[in-house]
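Enquirer: sequence first, then the predicted structure:
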Amino acid sequence: MLELRHLRTLVALRDAGSLVEAAERVHLTQSALSHQIKDLEERLGSPLFLRKTRPVEFTRAGLRLLTLAEQILPQVRMAERDLARLAGNEQGRLHMAIECHSCFQWLMPTVDHFRDHWPEVEIDIPGGHHFEPLPALAREQLDLVITADPQPLPGVHYEPLFRYEGLLAVARQHPLAGRPFVVPEDLAEETLITYPVEHTRLDVFTQFLDPAGVTPREVRTAELTIMMMQLVASGRGVCALPNWALTEYLERDYVKAVPLGEQGVWSTLFAAIREETRDAPWMEDFLRTARETSFAVLEGIKPA
């Protein structure tokens with residue numbers, strides 16, 4: 001009567017808070033997910049959650065199955081890892097680079113969790129490298145690169161992790177703070193603060209300003225997100241960051257955030273890996289752990 005997919009569906013529904021977002025997480029259409037849940041409820045003879053509630057409010061039967069899922073699903077993951085070890089596929093090397101200044105918020109918990117379950121895999125995040133990460137991946141100097149800027153390279157596969165929205169951070173008293181969204185022309189007289197990377201790797205330029213032919217009055221750089229936030233809060237400029245990177249500052253009412261355009265600017269974060277390691281059990285588990293950890297610790301992201 002019960003299958004693992006049912007338990008995973010209920011967990012996704014609890015974590016996402018709606019049928020639409022839960023369907024995205026389990027890679028089903030909303031119609032298919034609704035049918036799966038309705039079929040399970042008919043077999044159980046009991047509703048599992050109250051319709052039209054957000055966040056989803058589960059019935060006693062639904063809560064009982066969620067408790068079961070929390071007990072069973074981690075055991076299944078552990079058994080899968082053990083079976084991979086028994087198959088003799090546990091050895092590996094995972095040297096990675098990060099083309100994302102704000103990714104450590106979810107990457108470090110991912111690495112910690114992965115290391116606990118795959119102690120045989122050599123993990124390293126080398127710093128101070130003086131080479132381009134993606135070509136280095138193709139040359140086998142690295143094994144994984146976190147990037148939002150995929151480039152076609154022979155033998156390199158880009159695994160989508162999640163989608164995120166870029167938001168414009170402004171001071172609380174800034175004239176743009178009360179807008180429902182900004183248009184490119186709003187930034188023509190602004191100082192735009194960015195990380196010290198090429199403009200071709202920044203979504204605020206490639207997806208927002210450049211198509212409109214708009215150039216900010218001034219562009220200045222800052223190495224750290226907290227430095228950028230201090231400059232923004234003091235009215236020294238504005239900056240565009242992923243929604244998750246702004247969460248703690250918005251919760252503290254330190255700055256305000258405004259969508260870039262009426263439809264928003266959405267991008268996808270990828271894990272670039274070599275084709276030869278794509279099917280390695282430890283690599284599959286790392287990517288799965290990265291996705292699960294991201295949705296557990298970040299707000300506002302969507303399945304890719």
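Expert: Here it is on my side, so go on.

Enquirer: for the closest residue to Ala69 other than its chain neighbours, what are its contacts?
Expert: Distance criterion CB to CB, 6 or more residues apart in numbering; nearest residue to Ala69, sequence neighbours excluded, is Leu7 at 3.8 Å. Quick note: C-beta positions are derived from backbone N, CA and C, even for glycine. Contact analysis of Leu7 by CB atoms under 8 Å, 6 or more residues apart in numbering lists Leu65, Leu68, Ala69, Ile72, Leu73.

Enquirer: can you rerun that using 10 Å?
Expert: Contacts for Leu7 (CB atoms under 10 Å, 6 or more residues apart in numbering) come out as Leu65, Leu66, Leu68, Ala69, Glu70, Gln71, Ile72, Leu73, Val76.

Enquirer: what of Glu99?
Expert: Listed by CB under 10 Å, 6+ apart, the contact set of Glu99 reads 132-134, 145-149, 197, 201, 269-270, 272.

Enquirer: redo those as TSV? Include secondary structure, pLDDT and distance to His35.
Expert: Output for the contacts of Glu99, formatted as TSV (DSSP: H, G, I helix; E, B strand; the rest coil; pLDDT from 0 to 100; distance: CB to CB, whole Å):
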residue	secondary structure	pLDDT	distance to His35
Glu132	coil	86	47
Pro133	helix	91	43
Leu134	helix	92	41
Val145	strand	95	39
Ile146	strand	94	36
Thr147	strand	93	37
Ala148	coil	90	35
Asp149	coil	88	38
Val197	coil	86	45
Arg201	helix	86	42
Leu269	strand	95	31
Phe270	strand	96	31
Ala272	strand	97	36
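
Enquirer: now, of those residues, which are buried?
Expert: Buried members of the contacts of Glu99, counted by 16 or more other CB atoms under 10 Å: Pro133, Leu134, Val145, Ile146, Thr147, Ala148, Asp149, Leu269, Phe270, Ala272.

Enquirer: which among these gets closest to Pro119?
Expert: Relative to Pro119, the closest of the buried ones among the contacts of Glu99 is Ile146; by CB to CB it sits at 22.2 Å.

Enquirer: who does the closest one form a beta bridge with?
Expert: Taking DSSP bridges as the rule, Ile146 bridges to Ile98, Ala271.

Enquirer: pretty sure it contacts Phe270?
Expert: Yes. Judged on CB atoms under 10 Å, Ile146 makes contact with Phe270 at a distance of 7.5 Å.

Enquirer: now Glu3, what are its backbone angles?
Expert: With angles defined as degrees, to the nearest 10, Glu3 sits at phi -130, psi 160.

Enquirer: residues touching it, list them.
Expert: For Glu3, the contacting residues are Thr9, Gln36, Leu40, by CB under 10 Å, 6+ apart.

Enquirer: the longest helix in the protein is where?
Expert: In the chain, with assignment by DSSP state H, the single longest helix is helix 60-86.

Enquirer: ok so, going back, on the three-state scheme, the residue nearest to Ala69 is what?
Expert: The three-state assignment at Leu7 reads helix, by DSSP: H, G, I helix; E, B strand; the rest coil.

Enquirer: where does it land on pLDDT?
Expert: Predicted confidence (pLDDT) for Leu7: 94.

Enquirer: okay, it and Val26: tell me how far apart.
Expert: As judged by CB to CB, to the nearest Å, Leu7 and Val26 stand 11 Å apart.

Enquirer: also Pro303?
Expert: Noted for Pro303: a distance of 9 Å to Val26, by CB to CB.

Enquirer: what do the two both touch?
Expert: Listed as contacting both Pro303 and Val26 by CB under 10 Å, 6+ apart are Ala12, Ala16.

Enquirer: the residue nearest to His199 when sequence neighbours are not counted: what secondary structure?
Expert: Among residues not flanking His199 along the chain, Phe205 sits closest, at 4.4 Å (CB to CB, 6+ apart). Here Phe205 takes the helix state, with states given by three-state DSSP.

Enquirer: give the contact list for Phe205.
Expert: Contacts for Phe205 (CB under 10 Å, 6+ apart) come out as Leu192, Thr194, Glu198, His199, Pro211, Val214, Thr215, Pro216, Val219, Ala240.

Enquirer: who touches both of Ile146 and Phe270?
Expert: Common contacts of Ile146 and Phe270 (CB under 10 Å, 6+ apart): Glu99, Leu161.

Enquirer: skipping its backbone neighbours, what lies nearest Pro303 in space?
Expert: Spatially, and ignoring its direct neighbours in sequence, Pro303 is nearest to Glu24 (4.2 Å; CB to CB, 6+ apart).

Enquirer: the helix or strand containing that neighbour - what's its average pLDDT?
Expert: Taking DSSP states H and E as the criterion, Glu24 maps to helix 19-25. Per-residue pLDDT over helix 19-25 has a mean of 88.
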